[in-house]
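Quick one, fold the following:
(one chain, ligands or ions: 2)
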Amino acid sequence: MRLILLGPPGAGKGTQAQRIVAKHGIPQLSTGDMLRAAVAAETEVGKRAKAVMDAGKLVSDDIVIAIVSERIDQPDCAGGFILDGFPRTLVQADATEKMLADKGLDLSVVVELKVDDKELVRRVSGRYSCGNCGSVYHDTDKKPSVEGVCDTCGSTQFKRRPDDNAETMKARLEAYYKETSPLIGYYYAKGKLKSVDGMKDMDAVTGDIEAILAGVK
Ligand code: AP5
Ligand code: ZN
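Ligands and ions are numbered 1, 2, ... in the order given. The predicted structure is shown next:
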């Protein structure tokens, strides 16, 4: 199964991707996570991407396309993968088509998570994650079951993203509506789009996504 999770910042793409990984055993390819790893490692790509990400703008298409195209060649992607946060522009969407066509593959489905702007800002402002394994939490909606201890790996180190503040969120939403939302029509026209009400609680969203995945290869 090769699926795309499409939606604005804070819609729950990462949260749902982790659940799909756990259930279906296919890897999550998050360009945001890959870029943050490059920033932390201070690679050339990371140095170029940092200021752009901190401003809430999109990193250039050539950089992210190169990262993804290298990643999907890895053996663990042979059985399928979840694209989380990619593609994000029409150029990236066309590149995705080409990457898959070159391998004789097709997309299974594009799942769009729909969430109101006000709720997106609330979610992103309360978000934090495990510094060791990346599991995502929220100040009020999803606390670890033992305060201060990651449910997944037991780590006590947590972190917040520098772009998770109300001001940067404005720029991220602007980038989404201007550059990414045209992909909704793009995939609808290809018969690949399935939309999910991302305002529901996390388990209900997971249920709706699983119902969609049950109908695809
Ligand atoms: P990226 O890391 O992809 O961030 P994003 O798209 O802004 O999405 P988020 O990770 O913020 O949100 P999410 O939808 O995963 O939500 P989550 O599950 O965490 O990109 C960051 C930056 O990298 C970009 O701004 C750009 O600069 C660059 N970049 C990345 N990819 C790029 C590309 N392809 N091209 C160019 N540039 C690129 O949930 C959010 C919070 O809400 C959490 O706290 C969670 O616990 C909570 N939550 C989740 N679901 C629910 C629910 N149903 N109810 C209540 N709370 C919920
Ligand atoms: Zn952890």
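
Could you pull out the helices in the protein for me?
13-24, 31-40, 44-54, 61-71, 90-102, 117-125, 166-175, 182-189, 202-213 (DSSP state H).

Take the ones you listed and lay them out in JSON lines including mean pLDDT, distance to ligand 1 and mean neighbour count.
To be clear about C-beta, it is placed using only N, CA and C from the backbone, and glycine gets the same treatment. Conversion of those to JSON lines gives the following (pLDDT from 0 to 100; distance: least, Cβ to the nearest ligand atom, whole Å; neighbours: other Cβ atoms under 10 Å):
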{"stretch": "helix 13-24", "mean pLDDT": "95", "distance to ligand 1": "3", "mean neighbour count": "19"}
{"stretch": "helix 31-40", "mean pLDDT": "95", "distance to ligand 1": "2", "mean neighbour count": "18"}
{"stretch": "helix 44-54", "mean pLDDT": "95", "distance to ligand 1": "4", "mean neighbour count": "15"}
{"stretch": "helix 61-71", "mean pLDDT": "95", "distance to ligand 1": "4", "mean neighbour count": "17"}
{"stretch": "helix 90-102", "mean pLDDT": "96", "distance to ligand 1": "6", "mean neighbour count": "16"}
{"stretch": "helix 117-125", "mean pLDDT": "94", "distance to ligand 1": "3", "mean neighbour count": "17"}
{"stretch": "helix 166-175", "mean pLDDT": "94", "distance to ligand 1": "5", "mean neighbour count": "16"}
{"stretch": "helix 182-189", "mean pLDDT": "98", "distance to ligand 1": "11", "mean neighbour count": "15"}
{"stretch": "helix 202-213", "mean pLDDT": "97", "distance to ligand 1": "4", "mean neighbour count": "16"}
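
Could you provide the ones you listed in CSV, with additional columns for distance to ligand 2?
Listed next are the helices of the chain as CSV, based on distance: least, Cβ to the ion, whole Å:
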stretch, distance to ligand 2
helix 13-24, 11
helix 31-40, 14
helix 44-54, 22
helix 61-71, 22
helix 90-102, 30
helix 117-125, 19
helix 166-175, 25
helix 182-189, 31
helix 202-213, 17
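
Tabulate the ones you listed (CSV), appending distance to residue 4.
Shown next, in CSV, are these (distance: least, Cβ to Cβ, whole Å):
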stretch, distance to residue 4
helix 13-24, 9
helix 31-40, 11
helix 44-54, 21
helix 61-71, 11
helix 90-102, 8
helix 117-125, 19
helix 166-175, 17
helix 182-189, 8
helix 202-213, 12
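
center of this structure, which residue is that?
Closest to where the C-alpha atoms of the chain average out (Cα atoms, centre = their mean) is residue 84, at 2.9 Å.

Contact partners for that one?
Residue 84 makes contacts with 5, 13-14, 17, 28-33, as judged by Cβ atoms under 8 Å, 6 or more residues apart in numbering.

again, only using 10 Å
3-7, 13-18, 20-21, 28-33 (Cβ atoms under 10 Å, 6 or more residues apart in numbering).

same check, this time on residue 56
Residue 56 neighbours (Cβ under 10 Å, 6+ apart): 9, 163, 165, 167-176.
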